[in-house]
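*Asks:* how would this look folded up:
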Amino acid sequence: MATVRIPPVLRPKTEGEGEVEAPGTTVGEVLEALSGAHPDTRGQLFSEDGELNRYVNVYLNDEDVRVLDGLETAVADPDTVVILPAMAGGSLKRTVASRLRESKATWVAHNLIHYRSLRRNARHYKQLEIEKPLVGSIAHRDIGRHSGEVPWLDRADAAERLAASAQAESFPAEIRSKLEGWIEDGYLVLEGHLSRDEVEEVNSDLERQFEQGRIKYHPLGKRVVNAFEHSEPVRRAVTDPELTRLLSFILGREVNLFQTIDFFVGSEQAAHSDSFHMTTEPMGYLIAIWVALEDVDPESGPVYYYPGSHKLPYVMTEDLGEADGDLGGGKEARYAERIRSLIADRDLEPIEFTAKAGDVLIWHANLLHGGRGIARDGATRKSLVAHYFGSGVLCYHEVTERPALVRA
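*Replies:* Now for the predicted structure:
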């Protein structure tokens, strides 16, 4: 018999049990046995045609069954089957991806493979007096000489600079007004930037890419990374010339697309700043967008953000009391606690973004934001996120202390 680990969100359907023994020689048989013993789990596990629900991730001994043989994956007596439904948080983060994300040796080997791409960092290391190998770890504390540069709309005289900008006049009056709000709030919203037809084209193409097996869930679950590499509608949405012109204007540098993330359900992430995950030197040269691919309601886990929080100090590893950087769950837990304290100390109030399909939220690198919990079983929150680095800056990941692989 296999052991099936039940996440907290499903335990009310298994009489509170966190682990259940279930017979079967394949993953499908084990899950059928589980749903037979606990019928309320069936709707979470299987689609109407009996296939594994797209919004559920199932792992056999920490291996995603979708990259094995799916429901036909063989199960032996000592095996463990782990279920991560859409409503669960990130409980498998440290069991599925920890070996990749928490091992410096693993990342050094990874960096060696991509040494050619990392060579462009040599001039940054020299200018910033970083005495580390290009394939080694990199964190904020390793920078010997910070540039002191600040993005132009983060400066004390940003409002005056914006008012005097000839380039600003090339944007519609509504956008100019939103740019004025950016200085104080750290975000702006483009209502209906994508038409309903464009949204439907993105969603339909993502469905097709899934069916063809060209895209799949990331090991951390609940998301697809870099679908733009396969989906032309996604690529068009995130490289739209007028959109990237606006993003470049905000940063004061040409932007380069770093990654996209497609969510089919709410992320349920705790409040955080993207700059802890995608970091730049000089600080602040990251910008992100969130595109609603369906109407969002309060029960579907909407994005929330804290206006003005981009003006808070950037929180880096050394601010967590880390001497050499704990790359495990402890570091992220301490980071989350530090952010909670900052929010409480400053009595910040969040805004929930109950967007309409096609709306675009653009936010500052340091704006605190997250995802509300999903309050309705089966609720989706289809969305597209894109992160862009400003050109000509050092890019790295403070959270995992590794250089970013930026496309030329």
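*Asks:* Give me the helices and strands touching whichever helix or strand T3 is part of, please.
*Replies:* Using DSSP states H and E, T3 sits within strand 2-5. Here strand 2-5 touches strand 19-22, helix 27-37, strand 80-85, going by 3 or more C-beta pairs under 8 Å, 6 or more residues apart in numbering; DSSP states H and E. The way it works is simple: take the backbone N, C-alpha and C, and place the C-beta from them, glycine included.
*Asks:* Now the first one: average pLDDT?
*Replies:* So the one you mean is strand 19-22. Summarised as a single mean, pLDDT over strand 19-22 is 90.
*Asks:* quick one: strands adjacent to that strand?
*Replies:* With DSSP bridges as the test, strand 19-22 is paired with strand 2-5 (antiparallel).
*Asks:* Quick one: closest of the helices and strands packed on strand 2-5 to A336.
*Replies:* Proximity to A336 (C-beta to C-beta) singles out strand 80-85 among the helices and strands packed on strand 2-5, at 19.5 Å.
*Asks:* Which neighbours in the sheet does the closest one have, and how are they oriented?
*Replies:* Next to strand 80-85 in the sheet, as set by DSSP bridges, lie strand 2-5 (parallel), strand 56-60 (antiparallel).
*Asks:* circling back to that earlier point, which of the residues in the strand holding T3 are buried?
*Replies:* Counting neighbours by 16 or more other C-beta atoms under 10 Å, one finds that the buried residues in strand 2-5 are 2, 4-5.
*Asks:* swap in stretch 164-179?
*Replies:* Residues of stretch 164-179 classed as buried by neighbour count (16+ other C-beta under 10 Å): 171, 178-179.
*Asks:* Just the closest of these to Q209, please.
*Replies:* Here the nearest of those to Q209, counting by C-beta to C-beta, is K178; it sits at 32.8 Å.
*Asks:* Surely the closest one forms part of a strand?
*Replies:* No - read with DSSP: H, G, I helix; E, B strand; the rest coil, K178 is helix and lies in no strand.
*Asks:* got the contact list for it?
*Replies:* 188-190 (C-beta atoms under 8 Å, 6 or more residues apart in numbering).
*Asks:* Name the residues that touch stretch 208-217?
*Replies:* With C-beta under 8 Å, 6+ apart as the test, stretch 208-217 has contacts from 54, 57, 64, 66-67, 206, 223-224, 227, 230-231, 262.
*Asks:* Enumerate the positions of that stretch that are buried.
*Replies:* When burial is assessed from 16+ other C-beta under 10 Å, stretch 208-217 yields the following buried residues: 209-210, 215, 217.
*Asks:* quick revisit: dump the contacts of stretch 208-217 into CSV; add distance to L34 and pLDDT as well.
*Replies:* Formatted as CSV, the contacts of stretch 208-217 follow (distance: C-beta to C-beta, whole Å; pLDDT from 0 to 100):
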residue, distance to L34, pLDDT
R54, 19, 68
N57, 15, 77
D64, 18, 71
R66, 18, 74
V67, 21, 67
L206, 29, 96
R223, 25, 86
V224, 26, 93
A227, 31, 96
H230, 33, 95
S231, 34, 97
D262, 29, 96
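*Asks:* The residue nearest to the spatial centre of the chain pairs with what?
*Replies:* Centroid-nearest residue in the chain, with C-alpha atoms, centre = their mean: I261, separated by 6.3 Å. Beta-bridge pairing of I261, defined through DSSP bridges, involves V225, V385.
*Asks:* ok, it - contacts?
*Replies:* Contacts for I261 (C-beta under 8 Å, 6+ apart) come out as 223-225, 384-386.
*Asks:* To what extent is G36 buried, counted in neighbours?
*Replies:* Burial measure for G36: 12 neighbouring residues, criterion other C-beta atoms under 10 Å.
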